[in-house]
Structure formats: structure tokens, C-alpha cells
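Enquirer: pasting the sequence and the predicted model now:
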Amino acid sequence: MHSLIIEGIGAPLDAADDRTVLDNCLDRGVPMPYNCRSGECGECLAQLVSGRLQELPGADPAIYTPALRDAGMFLTCMCYATSDITIRVPLRAGDAPPIRQFDAVITSVARFGTRTMRVEVRPQAPLVYHAGQYFEWHLPQLSAPRSYSAANAPGSETIEFLVRLHEGGGVSELLQRAELAAGDILTLKGPFGSYDLDVSGERPLIMVAGGTGLAPVKAIAESLAASGSRRSVSIYFGARDRDELGYARSLHELCASQPSMRFAPVLSHEPEPSPWQGARGLVTEHLAATLGDQFGAQAYLCGPPQMINQTIAILEAKGAMRSDIHCDKFSPAGSHGH
Ligand code: FES
């Protein structure tokens, strides 16, 4: 145990040796900035004022550059304190919902096509979270928690998640063997992650999702619709083929019912011939070819790192500010995997 002082916050915190600096702060309710908790987004950057840290490998070098390291900056999600430390960090303003661990009953498990399952759970008590946030699943059968974004807007009795099925995936296998099924109790912890996208704003919003990255995008779109927002929202959904469009249907219908929302699926592996009349190719290629100027637009991206990095470059080239682009990258299976 070491002491952790955050400049500007009164008492030092006790930092457990086996928890990252970020987790130690979140455990004690400090409103730290963060999103991915795996070195992918850079939102948890802080300045080391004094003390020593041990750095975990695996941070994205495009996000955490040698120049930042040389300037004494570190990613709080990727470092452990190895002595008493003092750090400087811009704390989040606003109403971060409290993070807690709780049990929820699985109310339904539904399969969409061959690669996706939707799992719906009902917590025992009403839960506060923001659209775009995610929860950890703590399963006794798995050695580490898995993270999934809520796929529906807050305010309902249930939370919906999308699980991508893949061979050897811990949660995938449990669901496919029905060892995780309706009626079971699931232990969740959260909500975690970004909640600072200003959904009440009026600037145009572009959302780009890859695969089950559609989950937080759907939650944000539902929140906007429920709030009566009239802002222009364009959603681009990169999927492999028509098999993956099943779970996008309700979002597609929502957008069709909202005059200011637009939904554009782009299929990368739909075989020819096929009844598919829509866009083909990578969603990034489609964006590069069809997007007009994005000066003043806000963006929310969720999907694999390559899709996100390319989309950021496209949006910046079209005039969007990097600070207006919010990202939720999939991490390698096991952490923030969706
Ligand atoms: S890099 Fe630390 S929260 Fe994303």
C-alpha cells in the first residue's frame, strides 16, 4: 500500500499495490478522466509530480508517445505506484454515476444471425448510467472480467448488451453452451467509461460503428431520440454482411422515424450476387468517398482500432477537431471487447 496524492484534492488516498493508479482512484470515487482502461484512448493522461511508477506494456504508441513520457506524463490506467506518489490530473466535472458491483438477472438471450447475441439483464435496483458507458461482467468461469457497452438508453428496467461470438471467446462459449442463460444471475460492475459526449448539443453528430461497436451508438441514438433532440445525426455502420444487420434493425427503424437521423450500413464481405442494394466496402472507404466538410461536427466512434484510427484521420482531413472526436476502441479479447 502506498499513499497517492492528487494535487488539489485534500487527503491522500491509500493505493493498493495490485491496482492501477486509475483503479485506485475510481475505487475511492475520484472523478478521474478515462475511457478504455487499457492504454488505447489517452483520456486518462496525468502528470507525475513525485514518486515512482511501474508501467504496464501495451499502451498504443500513437496515443502515449515518447514525448509525453519524457514530459512526465503517464497513463493512469497503465501504471502502478511503486512508492508514495503525487499526481496532477484534470478531474471531470459533472455527474459521474457511481461505480458499483451488483447482481442482475438475465431476462433474455437472443441470437442474431450467426455471429451476434443480445443479452438482456434486469438489475435488482434501478441503475444510473449514461449512454455510451460500459459494464464489466464478472463471471466465476473466467479469470478476468469482460467489458460490454450498454446497447440501450438509460431509464429502462433492463440493460441490453451485444456479444460478438467467436471461437474460444469465454463469454461466447458460455452463451453457446447455454451455461449462461435466461434466469441466471450475472454479476456486473460499472458503469465505466466516457460519459462526456454532450448529447444535448446542437452541432451535427457523426457516429461510426464497426460490428458490435453498434451497441453504444444505439444507446446514444436512443437517448437523443428520447430527449426530443433535433440535431442532425448520421450513423455509419460497418458490418461484414447481411447476417450482421439483424441486430441493427431496431436502430435502423428508430432512425427512419426521426427526421434528423440517418443510418447508413456498409457491408465489407457481402457475397455477389446478393439482394443487397446498399453500400459495399470498408466503412472507412465509404466515409472518405462520401463525407462532405465536417467543420464543427462532433463524432463518436466505436469499433476496432484500425477503423477508429482511419476514421479519425478522415474526419480531421474534412475539418473536424480532434477534441470533438470521441472514441471507444475495441481492445484485444479479454478487456474492453464488446
Ligand atoms: S488510455 Fe487509459 S483510459 Fe484509455
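Expert: Noted; the coordinates are in hand. Here the structure is a predicted model, which is why all the values come from computation and not from measurement.
Enquirer: quick check: residues of the stretch 1-150 of the chain near the ligand?
Expert: Within reach of the ligand by Cβ under 6 Å from any ligand atom, the stretch 1-150 of the chain has these residues: 34, 35, 36, 37, 39, 40, 41, 42, 43, 44, 75, 77. Where you see a C-beta, it was placed from the backbone N, CA and C, and this is true even at glycine.
Enquirer: who's in contact with the last one?
Expert: Spelled out, that is residue 77. With contacts defined as Cβ atoms under 8 Å, 6 or more residues apart in numbering, residue 77 is in contact with 20, 21, 22, 23, 34, 36, 37, 38, 39, 44.
Enquirer: of the residues you listed, just the buried ones, ChimeraX syntax please.
Expert: Buried members of the contacts of residue 77, defined by 16 or more other Cβ atoms under 10 Å, are picked up in ChimeraX with:
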select :20,21,22,23,34,36,37,38,39,44
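Enquirer: now the contacts of residue 77 in JSON lines, with pLDDT and secondary structure?
Expert: Listed next are those as JSON lines, based on pLDDT from 0 to 100; DSSP: H, G, I helix; E, B strand; the rest coil:
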{"residue": "20", "pLDDT": "96", "secondary structure": "coil"}
{"residue": "21", "pLDDT": "96", "secondary structure": "helix"}
{"residue": "22", "pLDDT": "95", "secondary structure": "helix"}
{"residue": "23", "pLDDT": "94", "secondary structure": "helix"}
{"residue": "34", "pLDDT": "88", "secondary structure": "coil"}
{"residue": "36", "pLDDT": "87", "secondary structure": "coil"}
{"residue": "37", "pLDDT": "90", "secondary structure": "coil"}
{"residue": "38", "pLDDT": "90", "secondary structure": "coil"}
{"residue": "39", "pLDDT": "91", "secondary structure": "coil"}
{"residue": "44", "pLDDT": "92", "secondary structure": "coil"}
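Enquirer: farthest pair within the contacts of residue 77?
Expert: Longest distance between any two of those is 15.0 Å, between 21 and 36; criterion Cβ to Cβ.
Enquirer: contacts only, for the residue in the stretch 201-338 of the chain that the ligand sits nearest to.
Expert: Nearest residue of the stretch 201-338 of the chain to the ligand, counting by Cβ to the nearest ligand atom: residue 329, 8.5 Å away. Listed by Cβ under 8 Å, 6+ apart, the contact set of residue 329 reads 36, 40, 41, 302, 303, 304, 305, 308, 336.
Enquirer: recalculate using a threshold of 7 Å.
Expert: Shown in contact with residue 329 (Cβ atoms under 7 Å, 6 or more residues apart in numbering): 36, 40, 41, 305, 308.
Enquirer: secondary structure for these - can I get that in TSV?
Expert: Listed next are the contacts of residue 329 as TSV, based on DSSP: H, G, I helix; E, B strand; the rest coil:
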residue	secondary structure
36	coil
40	coil
41	coil
305	helix
308	helix
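Enquirer: mind listing the helices for this structure?
Expert: For the chain, the helices defined by DSSP state H cover 21-27, 66-70, 170-176, 214-226, 249-257, 283-290, 305-317.
Enquirer: which other helices and strands does the first one contact?
Expert: For helix 21-27, the contact count by 3 or more Cβ pairs under 7 Å, 6 or more residues apart in numbering; DSSP states H and E identifies strand 13-15 as packing neighbours.
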